[in-house]
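Peer 1: Here is my input; please provide its structure:
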Amino acid sequence: MNNSGLGHKIYSYLLATYKWYLRTPERSLDEAYNAALEIQKLENEYFNGNKIGSDLTPHSSSVMDYFESNLKKQLRIIRMRLTEFRASRFFVNESNQKSIKKLGIEHLNPSIVLEKLRFIDEVTTKYTSSDEDIITREPIDKAPDPQIEALAVEPKQSNIIKRNLNNNGRRIQSKGKTDTTGVLPRSIFNTINRLQIELDPKSEQDVVQNFRKAQRRTIISVRFLLLLIIVPILTHQLSKAFIVGPIVNHFKSSEEAAIFLNYEMEEQALLELQRFEEKIKFQNLISSNITPSEKNIEIQVREKALEIAEEYRLISANAIKNVFADILSVIAFIWFLLLSKKEIAVLKDFLDHVVYGLSDSAKAFIIILFTDIFVGFHSPHGWEVILEGISRHWGLPANHDFIFLFIATFPVILDTIFKYWIFRYLNRISPSAVATYRNMNE
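Peer 2: Residues are numbered from 1 along each chain as shown. Modelled structure (predicted):
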């Protein structure tokens, strides 16, 4: 009776979970729709139906921060729930459609779905270009604009860049150095332009707008970097605990399963058992008690051998789990990158502002630190430790021939890439940083 009651509870729980899974598309779409309604409510009540953040309504900076934080929260909910909606709709097949009818769950009306999606698009379209507006610089493989370098030093000169943009937001081709040569030095004209900016009554609004744009770019970049670290680690741990682990334990549960994955594990186990046996004999020789018989020593050694075998069986199973969990982590990492094209562009722009905003001595210090760690004189020892650790992580024997060949080639290739980057890009962008790097390296 107890077993039947327990089975009924398990069946009810599984049935409720399956119903919850089948209602995922409807639930995700409703949450995204409600978030869009909240955004529209804020627009109608506080911004006269205009976009949140519009300059047409007089609000203080603290009030605007509250509205913008609430807007970001609702946009995040919409983005996550629409992704969940698309993914759940993708996995709903014909068998699920039949199950929906059998369980009495109302099917989504296509006209209602399209109406909600159209409303969500109308609300979010006004804010989708905000992340793209953060990107103001050109790709790094092109020659940098001197005015952008001046922007990294003096943010107040942003209006100078705006004057060089046409109505479509495209940069007007700058003139060559021979065309810009005049009677007076260019620094005098730069000083006059800076004074004009400081006397402009709208300069304060431009500074605030640029600061908010930089703040938004920093938040997006830091959050994206954290997700790049968290997503693979979390995928590895969860898949290892709930997917790969049970499957491997099921096939490795047999006592006849292989204990050692490679000969190095076997050698380590034999060495550990040999040391244990010698330790017992040594303790018996220096002890004042009666020396135990060889049979007792053999029993202790046998118990230790069984303990070592169980330990290495777990190590072998864990290594197999790591292989499949790492594969799933790489897949999750690549999938996350494919879904984050805008965030990657924002991160690239953020790194450009950070790296090229550093002083020459800071650039030289970072380059020397990076090159000495990975391609320096002591780097082979580090690469050897890393490769041996990866081999143990996957349960593979450490192939020293491959390790030595890797150390003899990869750091050399990496050093060549560094030198080419310094010669090709850094020498053109910041010659003083290259000179500082050479002086520090000497």
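Peer 1: Name the residues of the strand or helix carrying residue 40 that are buried.
Peer 2: Residue 40 belongs to helix 24-46 when assigned by DSSP states H and E. Under the neighbour-count criterion of 16 or more other Cβ atoms under 10 Å, helix 24-46 has 24-26, 28-29, 31-33, 35-36, 38-39, 43 buried. C-beta coordinates here come from the backbone N, C-alpha and C atoms, glycine included.
Peer 1: before we move on, what about stretch 297-305?
Peer 2: Neighbour-count burial for stretch 297-305 flags 301, 304-305 (criterion: 16+ other Cβ under 10 Å).
Peer 1: swap in stretch 232-244?
Peer 2: Buried residues in stretch 232-244, counted by 16+ other Cβ under 10 Å: 232, 235-236, 239-240, 244.
Peer 1: List the contacts of it.
Peer 2: Residues outside stretch 232-244 that contact it (Cβ atoms under 8 Å, 6 or more residues apart in numbering): 321-322, 324-326, 328-330, 332-333.
Peer 1: redo that, cut-off 7 Å
Peer 2: Residues from elsewhere that reach stretch 232-244, judged by Cβ atoms under 7 Å, 6 or more residues apart in numbering: 321, 324-326, 328-329, 332-333.
Peer 1: Quick check on these: which are buried?
Peer 2: Neighbour-count burial (16+ other Cβ under 10 Å) applied to these gives 321, 324-326, 328-329, 332-333.
Peer 1: From the buried residues of stretch 297-305, pick the one nearest residue 211.
Peer 2: Residue 211 has its nearest neighbour among the buried residues of stretch 297-305 in residue 304, at 66.8 Å by Cβ to Cβ.
Peer 1: Setting aside sequence neighbours, what's the nearest residue to that closest one?
Peer 2: residue 276 (4.9 Å; Cβ to Cβ, 6 or more residues apart in numbering).
Peer 1: got a pLDDT number for residue 287?
Peer 2: pLDDT for residue 287: 73.
Peer 1: That one - how many residues pack around it?
Peer 2: Counted with other Cβ atoms under 10 Å, residues neighbouring residue 287 total 10.
Peer 1: Distance to residue 406 and pLDDT added to the buried residues of helix 24-46, as TSV?
Peer 2: Formatted as TSV, these follow (distance: Cβ to Cβ, whole Å; pLDDT from 0 to 100):
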residue	distance to residue 406	pLDDT
24	46	75
25	48	79
26	53	80
28	47	83
29	51	85
31	50	88
32	49	88
33	54	90
35	50	89
36	53	89
38	55	88
39	53	88
43	58	84
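Peer 1: And the furthest pair within these?
Peer 2: 24 and 43 (29.1 Å).
Peer 1: Quick one: low-confidence residue ranges for the chain.
Peer 2: For the chain, the stretches flagged by pLDDT under 70 are 1-16, 18-22, 54-58, 89-108, 129-187, 189, 253-258, 288-292.
Peer 1: follow-up on the earlier one: between the buried ones among the contacts of stretch 232-244, which is nearest residue 78?
Peer 2: residue 332 (22.5 Å).
Peer 1: how about the nearest residue to residue 355, chain neighbours excluded?
Peer 2: Leaving aside its sequence neighbours, residue 355 sits nearest to residue 363 (Cβ to Cβ, 6+ apart; 7.5 Å).
Peer 1: these two touch, right, that neighbour and residue 432?
Peer 2: No. Counting by Cβ atoms under 7 Å, residue 363 stays clear of residue 432, with 9.2 Å between them.
Peer 1: With neighbour numbers in mind, choose between those two.
Peer 2: The neighbour count for residue 363 versus residue 432, taken as other Cβ under 10 Å, is higher for residue 363 (20 against 12).
Peer 1: From residue 437, how far off is the more buried one?
Peer 2: Between residue 363 and residue 437 the distance is 7 Å, computed by Cβ to Cβ, to the nearest Å.
Peer 1: likewise residue 230?
Peer 2: 34 Å.
Peer 1: Check residue 393 too.
Peer 2: Plainly put, residue 393 is 36 Å away from residue 437 if you go by Cβ to Cβ.
Peer 1: quick one, helices of the stretch 101-250 of the chain?
Peer 2: Using DSSP state H, counting those that start in this stretch, the helices of the stretch 101-250 of the chain run over residues 110-128, 130-133, 146-153, 158-163, 177-180, 186-199, 203-239, 245-252.
Peer 1: Of those helices, which is nearest residue 405?
Peer 2: Comparing the helices of the stretch 101-250 of the chain by Cβ to Cβ, helix 203-239 comes nearest, at 27.8 Å.
Peer 1: wouldn't residue 426 be in contact with residue 432 here?
Peer 2: No. If you go by Cβ under 7 Å, residue 426 and residue 432 don't touch, sitting 10.3 Å apart.
Peer 1: So which of the buried residues of stretch 297-305 belong to helices?
Peer 2: The helices, defined by DSSP state H, take in 301, 304-305 from the buried residues of stretch 297-305.
Peer 1: between the residues you listed, which is nearest residue 376?
Peer 2: residue 304 (44.1 Å).
Peer 1: so that closest one makes contact with residue 273?
Peer 2: Yes. If you go by Cβ under 7 Å, residue 304 and residue 273 touch, sitting 6.2 Å apart.
Peer 1: So which elements touch the host helix or strand of residue 345?
Peer 2: Applying DSSP H and E as the criterion places residue 345 in helix 341-355. Applying 3 or more Cβ pairs under 7 Å, 6 or more residues apart in numbering; DSSP states H and E, one finds that helix 341-355 contacts helix 130-133, helix 203-239.
Peer 1: among those helices, which is the most enclosed?
Peer 2: Of all the helices and strands packed on helix 341-355, helix 203-239 carries the top mean neighbour count, a mean of 15, counting by mean count of other Cβ atoms under 10 Å.
Peer 1: any idea of the angle that helix forms with helix 341-355?
Peer 2: Using axes from the mean of the first three to the mean of the last three Cα atoms, to 10 degrees, the inter-axis angle of helix 203-239 relative to helix 341-355 is 120 degrees.
Peer 1: Next, the angle from helix 203-239 to helix 186-199.
Peer 2: Using the same axes, to 10 degrees: helix 203-239 against helix 186-199 is 90 degrees.
Peer 1: May I have stretch 425-442 as CSV, with CA atoms only?
Peer 2: Taking Å, rounded to 0.1, in the frame of the first residue of the first chain, the C-alpha atoms of stretch 425-442 are listed here in CSV:
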residue,chain,number,x,y,z
TYR,A,425,49.8,48.2,-35.0
LEU,A,426,51.3,49.5,-31.8
ASN,A,427,54.2,51.1,-33.5
ARG,A,428,51.7,53.1,-35.7
ILE,A,429,49.2,53.9,-33.0
SER,A,430,51.6,54.7,-30.1
PRO,A,431,55.2,55.0,-31.1
SER,A,432,56.1,56.3,-27.6
ALA,A,433,54.8,53.2,-26.0
VAL,A,434,57.0,51.0,-28.3
ALA,A,435,60.0,53.2,-27.3
THR,A,436,59.1,52.8,-23.6
TYR,A,437,58.7,49.0,-24.1
ARG,A,438,62.2,48.7,-25.7
ASN,A,439,63.8,50.8,-22.9
MET,A,440,62.1,48.7,-20.2
ASN,A,441,62.9,45.4,-22.0
GLU,A,442,66.6,46.3,-22.2
